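Novice: got a sequence here, can you build the structure:
(chains A, B, C and D)
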Number of protein chains: 2
Amino acid sequence: MMRVTTVTNTRELAHPAREEIRLEGILHALSDPMRMRVVRALATTEDELSCSYFVLPVTKSTTTHHFRVLRESGVIQQVYRGTAKMNGLRRADLDALFPGLLDGILDAAAREAERLGDEA
Amino acid sequence: MMRVTTVTNTRELAHPAREEIRLEGILHALSDPMRMRVVRALATTEDELSCSYFVLPVTKSTTTHHFRVLRESGVIQQVYRGTAKMNGLRRADLDALFPGLLDGILDAAAREAERLGDEA
DNA sequence: ATCATTGTACGAGAATCGTCGTAGTTTGAC
DNA sequence: GTCAAACTACGACGATTCTCGTACAATGAT
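Specialist: Numbers count the residues shown, from 1 in each chain, chains lettered A, B, ... in the order given. Next up is the predicted model:
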């Protein structure tokens, strides 16, 4: 049993500030196929998507891990909404820091998906 | 002692064909600071640069390792010239596969270097 | 209060990675 | 042939990564 001390939401999630985001971290985060899949899906919409929206061929705890890597590298932002955890790309921050980078990588990912057999 | 059987150069190096280059591999290769340093230097010139041109804060065997990762991911091409091994970016292949990707990443790296203390 | 849903924390295991040192090969110059 | 220069191969080490399973926590509905 946990005592609620304030009105504000518990379960806050640590995000790097914009200036703390590192290119290395972004590239590393996106060099994993599962995480690239997540980011590509997030890029297709303005809405935030819950973790459970994604059906990855790994267990739930592994999925949690990948979302954390994405959040801690600054690629996505996460917020709790009820029991769900919503995810959104940090487009504004990424575009401000590295104009064109995200789109360049997403375009590259789309080309590669097309070039290889993408049955998505 | 090794017997030379043909006139052509021994010491051939295995490179992935253009179609074998994977985005994941590129992103992973560039997510390491040493390798990013090398690629940024290679991008500043049309010439090929020898491995010994680069003075990285790691040993020579580690340097060899990084160059191999770059070659096997398709980011650079390598060829022996005398005792030296020359390195060049695979610009044509990368631009054909993923237009704008390399420049986008290089630009991002330049911005980050400027943003943080770059005394290069 | 109970319960189902959603996601986490905490190991743990196998694999990969970055690094090193030592010993070796290849080449070109002497 | 000898030697120095440039780079490699191999084994090793610790650190990180990706994965899992089990147990737990927070929320909202009943």
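
Novice: next to chain B, which bits of chain A? Give me the list.
Specialist: A:19, A:22-25, A:27-28, A:30-33, A:36, A:97-101, A:103-105, A:107-109, A:111-112, A:115 (Cβ under 8 Å from any Cβ of the partner chain). Glycine gets a C-beta too; all of them are placed from N, C-alpha and C.

Novice: what about those residues, which are in helices?
Specialist: Of those, the ones assigned to helices by DSSP state H are A:23-25, A:27-28, A:30, A:33, A:36, A:97, A:101, A:103-105, A:107-109, A:111-112, A:115.

Novice: A helix includes A:Q77, no?
Specialist: No - counting by DSSP: H, G, I helix; E, B strand; the rest coil, A:Q77 is not part of a helix but strand.

Novice: for chain B, what is the nearest residue in chain A?
Specialist: Relative to chain B, the nearest point of chain A is A:G104 (3.3 Å; Cβ to the nearest Cβ).

Novice: the residue nearest to that residue when sequence neighbours are not counted and B:L42: what is the separation?
Specialist: Once flanking residues are discounted, A:G104 sits nearest to B:G104: 3.3 Å by Cβ to Cβ, 6 or more residues apart in numbering or on different chains. Between B:G104 and B:L42 the distance is 16 Å, computed by Cβ to Cβ, to the nearest Å.

Novice: name the nearest residue to the residue most central in space within chain A, ignoring sequence neighbours.
Specialist: Closest residue to the average C-alpha location of chain A: A:I76 at 3.6 Å, with Cα atoms, centre = their mean. Nearest residue to A:I76, sequence neighbours excluded (Cβ to Cβ, 6+ apart): A:L70, at 4.5 Å.

Novice: please tell me I have it right and that neighbour contacts A:H28.
Specialist: No - if you go by Cβ atoms under 8 Å, A:L70 and A:H28 don't touch, sitting 10.6 Å apart.
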